[in-house]
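Participant: please find the sequence and the predicted model below.
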Amino acid sequence: MRKRYFALAGLFIGALTIFVGVLNSTLKEDTYTIVVNEEILRSYYLKNRNLEQPFFTEFEELSETQILSIRKDFIRKEVLKREAKSLGLDEVDTIIANRLAQLGELALVGADLREEDISEDELFSFYKKNKKSYIERATISLTHIFFRENSSEILRYRDFFNDEKKSISSDVEIGQIGNVFPYQKNYSRKNYSFILGHFGKKGTDQIFSLPSNTEKWQGPIESSLGYHLVKIYGHSPERQLEFEEVYSEVRKDFIESETKKRKSTELEKKISEYKVIER
Amino acid sequence: MFSKKIFIILLSLFFILSLDAKEYSPGVGRDFPDKLLWGDTHLHSNISADAYTIGNSNLTPSDAFRFARGEEVISESGVKAKLRVPLDFFMVSDHATYIGIFKRIEDRDPTILATPLGKRWREYMDDNNPMLFTEFVEGLNGNQEQTFEKEIYIPIWKDITDNVDRFNQPGVFTAFSGYEWTPAPTGDNLHRVVIFKDDAETVQKIIPFSALDSNRPEDLWSFLKDYNATTGGEAISISHNSNISGGRMFPLKDSSGQPIDRAYADMRMRWEPLVEATQVKGDSETHPAVSPDDPFADYETWEGNIGRSETQRMERISTTGDCENPENYKCYRYKKSETDRYKGSYVRPALRRGLELQKKIGANPYKFGVIGSSDNHTALPASAEDNFFGKFLDSEPGPGRMSNCMAGCNRPDGEGQGNLWRNWLITASGYAGVWARENTREEIFDAMKRKETYATTGPRMAVRFFGGWNFSEEDAVNPNLVEIGYSKGVPMGSDLGMREKNKSPRFLVMVSKDPNGANIERVQVIKGWVNGYGKSEEKIYDIAVSDDAGESTVNIENATYNNSIGEAYITTYWEDPDFNPTLSAFYYVRVLEIPTPRWTTYDSVAFGIEIPSYVPKTHQERAYTSSIWYDPQS
């Protein structure tokens, strides 16, 4: 009985040895076999053709010598590629490693969030949580006169234009004094960052601190380009936009945010399946 | 007979008086572009396959739009990012080649998996096979033999363009639909950005024309023509990185090898009126080899082509000093036999070549305007030296970015070319300045078509440039300089009208510093002309120079500068002293800031790292306007 077990075990080990041997030799054969045929060479030629040549030659039109040279080049590259792989160069390369990590990350994500999976409650709660993303910034409306240099003339003009009687009866036109400003003369409902792009920080801070409950010319204020007399037409304070006003925006933002969240959750789940050893 | 003469005299008098008459209504005659709008039309998000594979897996087109309009965004590397001043218009131009395909394969889209390429790529994904990356790169270079059916891109393109419309707010923030056409045969960059004037509904009537469809620019322009004819919409292409095109961006022959003719010139100028003259992969204004008398020509210069392939064209100019390190790519030049490649690679020699061709064939294929843009692949159009988020993930802010390589060091697909570019070379640049009436798609697009645009390397300096025959010195100090500029002359991007008797061209220039940046050191007019033998020449005129030009306030240790030198604001008048009315010419303005720290210097302070000796520590940022042309035939 025992002899039979030994015989069976012997047979099994023998078969396994032969199988592994065959497998190894096949693998070895695969590793050291390069298949070349017309289709492979055509494809190689197309991928590597010299596009700098003004006229592109079809593969079929190539001479025998040209095809032989392509064949030689293909085999040379194939051998080098495989040797590099057998040395594990594809594993040590950072780009490939990063790329594999990204592919792994991609593979974790399921299908996109479906429209029917989104509830109104979820949307509203997303809106409430991210309220600060749905704000209409404070804006200002103004007109100004630009002066390249500071001088007492600026104050004189300010007082002159603020004196209705004098300015109406005078020939002096607002558009005819000062220097040309590279940007606009009039600004309608522009926010802080827009004004910042034209007046610099110092000028913008001063403009936003000017009182708006007057129709008088104010200043001069100093910007990074020069000096300005400013007439403020109105300030509109920062305003929280209502859920209904930004509904479609919220919906799209929610989908994007949820997709990113799912990806991150899936990744965390995967990480928890791994055992990390400090060695 | 007599009464006829009287009638003609009276009629002439009437016209002359009408021209000088002051209108009762002050609004009359004020219909000109008075808004300077800032934008970037060249930015990649995670939808671009290369941006994605090199690390930007998270930042979407929406993130890019939010950042551009001034919101805070977290970069791929986890750093908070925000622009000091938002942009006015913006376009995400993801690569058309395999646009959005990875995501669909990842979602096991049955239509894509049913194709041989989709199936193979899914298998690559399942097997973690790096061939996916390699085959994608081949596709970007137009060498991928297998493609997807065009219909596959319909839902992808729909998603992209619907999202653009969502961010478009006429009058406040303009979002354009567009993409990048990306062929680089043998590593020579022929890339173009395609920008659409239209809304999603119109744009969705086409599928992006990619390098897989054709790598011939003429075919791209035919596509744009067809788009116009079949949909009524409008689109133009904008070339970029001519500096690394191996001389093929502004060639003398077309893609079939035939000498450029009038039909080519007309087609190119109709569909490609603009060139992106500066961006993250270097500056394309000019090169010392073609502008040897220009002391400011060597600015953010890159040598060779985009893939750093075809290295047999190049030679190392020195192996000592700063050039001891073979990875200092500034120490390579085209061999003598290859120097013509510079002429086809830079804006100024191309403008000159255009005049030469005009004399020869009667049409100018290189009568283009200029803009700047970023070409960042991080979804962040951040082009300020102290707020620079790099080209790829490997050049986002961090202590290692200066020594890293663009797209990673030791690239696996870099057969025979080794590393791409060292990241210290990348340029924190640029933006597009556009003079428009309103912040809308229509207005900005029209301004681009008429070339009323200019390029900056990042700072937002305001530049006006007018040419005419009747300007006077007083006009330059008149508060209505702009109105005068339009009424008595033409703006940047235009042709000078018919020459007035015995007069030389006169110009009005107004420049002001970036309100949040450095002062101006000098303003120059660059003139190019073609001589009697059909050869072009160039000359640089300093038309306004600060008294302290040449000085620097930069403190390298602290990465600071101050505005105690230079000018904040310059208006000036200039008349061409060397004008020859028989020779055609172009004129454009170059503005140079005072010296400021380069991004690498800001990095050295922020991250406490040493800068290699050959890395520039300071520089002079600049703006280039579109040209004004003079043609004796006009």
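Facilitator: Sure thing, it's come through. This one's a predicted model, so the numbers in the text were calculated from it and none came from an experiment. Numbering: from 1, shown residues only, chains lettered A, B, ... in the order given.
Participant: tell me which residues in stretch B:109-116 are buried?
Facilitator: For stretch B:109-116, the neighbour count (16 or more other CB atoms under 10 Å in any protein chain shown) marks B:109, B:112 as buried. Glycine gets a C-beta too; all of them are placed from N, C-alpha and C.
Participant: pLDDT averaged over that stretch - what is it?
Facilitator: Averaged across stretch B:109-116, pLDDT comes to 83.
Participant: C-alpha coordinates for that stretch, PDB please?
Facilitator: Taking C-alpha atoms only, stretch B:109-116 is exported to PDB below (Å, rounded to 0.1, in the frame of the first residue of the first chain):
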ATOM      1  CA  ASP B 109     -16.800  51.500 -22.300                       C
ATOM      2  CA  PRO B 110     -18.000  48.600 -24.600                       C
ATOM      3  CA  THR B 111     -17.600  50.700 -27.700                       C
ATOM      4  CA  ILE B 112     -14.000  51.300 -27.100                       C
ATOM      5  CA  LEU B 113     -13.200  47.800 -25.800                       C
ATOM      6  CA  ALA B 114     -14.700  46.400 -29.000                       C
ATOM      7  CA  THR B 115     -11.900  48.000 -31.000                       C
ATOM      8  CA  PRO B 116      -8.500  46.200 -31.400                       C
END
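Participant: check which helix or strand the residue nearest to residue B:306 when sequence neighbours are not counted maps to.
Facilitator: Spatial nearest neighbour of residue B:306, chain neighbours left out: residue B:189 (4.0 Å); criterion: CB to CB, 6 or more residues apart in numbering or on different chains. Per DSSP states H and E: residue B:189 is located in neither a helix nor a strand.
Participant: count the residues that sit near residue B:546.
Facilitator: Residues contacting residue B:546 under the criterion other CB atoms under 10 Å in any protein chain shown number 18.
Participant: I'd assumed residue B:569 was in contact with it.
Facilitator: No - checked against CB atoms under 8 Å, the pair residue B:546 and residue B:569 is beyond contact range at 11.3 Å.
Participant: give me the element residue A:182 is part of.
Facilitator: Assigned by DSSP H and E, residue A:182 falls within no helix or strand.
Participant: please name the nearest non-neighbouring residue to it.
Facilitator: Nearest-residue entry for residue A:182: residue B:462, 3.5 Å, with adjacent residues in sequence omitted and distances by CB to CB, 6+ apart.
Participant: from residue A:207, how far off is that neighbour?
Facilitator: In this view, residue B:462 and residue A:207 are 18 Å apart by CB to CB, to the nearest Å.
Participant: what does residue A:220 give?
Facilitator: Distance, residue A:220 to residue A:207, using CB to CB: 12 Å.
Participant: who's more crowded, these two?
Facilitator: Using other CB under 10 Å as the criterion, residue A:220 and residue A:207 rank with residue A:207 on top: 25 against 22.
Participant: and the more buried one, what is it in contact with?
Facilitator: For residue A:207, the contacting residues are A:140, A:142, A:195, A:199, A:221, A:230, A:232, by CB atoms under 8 Å, 6 or more residues apart in numbering or on different chains.
Participant: out of these, who has the most neighbours?
Facilitator: Counting neighbours by other CB under 10 Å, residue A:199 comes out on top of these with 28 neighbours.
Participant: tell me the spacing between the nearest residue to that one once chain neighbours are set aside and residue B:48.
Facilitator: Computed as CB to CB, 6+ apart, the closest residue to residue A:199 that is not its neighbour in sequence is residue A:223, at 4.1 Å. To residue B:48, residue A:223 is 39 Å away according to CB to CB.
Participant: neighbour count: those two, which is higher?
Facilitator: residue B:48 (28 against 24).
Participant: per-residue confidence for the more buried one?
Facilitator: Predicted confidence (pLDDT) for residue B:48: 87.
Participant: now the one 4 residues further on
Facilitator: According to the model's per-residue confidence, residue B:52 sits at a pLDDT of 78.
Participant: what about it, is that helix, strand or coil?
Facilitator: Under the three-state scheme (DSSP: H, G, I helix; E, B strand; the rest coil), residue B:52 adopts helix.
Participant: what does the residue nearest to residue B:306 show for phi and psi?
Facilitator: The phi/psi pair for residue B:189 (degrees, to the nearest 10) reads phi -70, psi 120.
Participant: looks like it contacts residue B:241 (just checking).
Facilitator: Yes - the pair residue B:189 / residue B:241 is scored as a contact, 4.6 Å apart, by CB under 8 Å.
Participant: re earlier: quick check: the residue nearest to residue B:306 vs chain A, distance?
Facilitator: For residue B:189, the distance to chain A (CB to the nearest CB, to the nearest Å) stands at 13 Å.
Participant: likewise residue B:175?
Facilitator: For residue B:175, the distance to chain A - CB to the nearest CB - is 14 Å.
Participant: and that residue, that one's in a strand?
Facilitator: Yes - assessed by three-state DSSP, residue B:175 belongs to a strand.
Participant: list the contacts of the residue nearest to residue B:42 when sequence neighbours are not counted.
Facilitator: Closest residue in space to residue B:42, ignoring its immediate chain neighbours: residue B:373 at 3.6 Å, by CB to CB, 6+ apart. Applying CB under 8 Å, 6+ apart to residue B:373 gives the contacts B:39-43, B:193, B:240, B:276, B:279, B:381, B:430-432.
Participant: out of those residues, which comes closest to residue B:179?
Facilitator: Closest approach between those and residue B:179, by CB to CB: residue B:193, at 7.6 Å.
Participant: so, low pLDDT: which residues of the stretch 101-250 of chain A?
Facilitator: Low-confidence segments of the stretch 101-250 of chain A (pLDDT under 70): A:101-114, A:167-172.
Participant: which stretches of it form helices?
Facilitator: Counting by DSSP state H, counting those that start in this stretch, one finds helices in the stretch 101-250 of chain A at the ranges A:120-129, A:152-162, A:164-169, A:192-209, A:247-273.
Participant: tell me which of these is the most buried.
Facilitator: Among those, ranked by average contacts under mean count of other CB atoms under 10 Å in any protein chain shown, first place goes to helix A:192-209 (a mean of 20).
Participant: on that earlier part again, for the residue nearest to residue B:306, grab the count of nearby residues.
Facilitator: Residue B:189 has 24 nearby residues by other CB under 10 Å.
Participant: and for residue B:488?
Facilitator: 16.
Participant: quick one: contacts for it?
Facilitator: By CB under 8 Å, 6+ apart, the contact set of residue B:488 is B:466, B:468, B:470, B:471, B:475.
Participant: anything in stretch B:338-353 near chain A?
Facilitator: No - Stretch B:338-353 is not in contact with chain A by CB under 8 Å from any CB of the partner chain; minimum separation 11.6 Å.
Participant: what about the residue of the stretch 151-300 of chain B found nearest chain A, which SS state?
Facilitator: Among the residues of the stretch 151-300 of chain B, residue B:257 lies nearest to chain A; the distance is 2.7 Å by CB to the nearest CB. Here residue B:257 is coil, with the state taken from three-state DSSP.
Participant: so where does the residue lying closest to residue B:369 once chain neighbours are set aside fall, helix or strand?
Facilitator: Nearest non-adjacent residue to residue B:369, counting by CB to CB, 6+ apart: residue B:451, 2.8 Å away. Under the criterion of DSSP H and E, residue B:451 resides outside all helices and strands.
Participant: make sure residue B:451 is actually in contact with residue B:351.
Facilitator: No - when contacts are counted by CB under 8 Å, residue B:451 is not listed as touching residue B:351 (12.0 Å).
Participant: the two - which one has more neighbours?
Facilitator: Neighbour count, other CB under 10 Å: between residue B:451 and residue B:351, residue B:351 has more, with 27 against 23.
Participant: what's near enough to touch the more buried one?
Facilitator: Contacts of residue B:351 by CB under 8 Å, 6+ apart are B:366, B:367, B:368, B:528, B:586, B:588, B:627.
Participant: out of the residues you listed, which is most surrounded?
Facilitator: Greatest neighbour count in the contacts of residue B:351, by other CB under 10 Å, goes to residue B:627: 29 neighbours.
Participant: hang on, that one packs against residue B:492?
Facilitator: Yes - counting by CB under 8 Å, residue B:627 touches residue B:492, with 7.1 Å between them.
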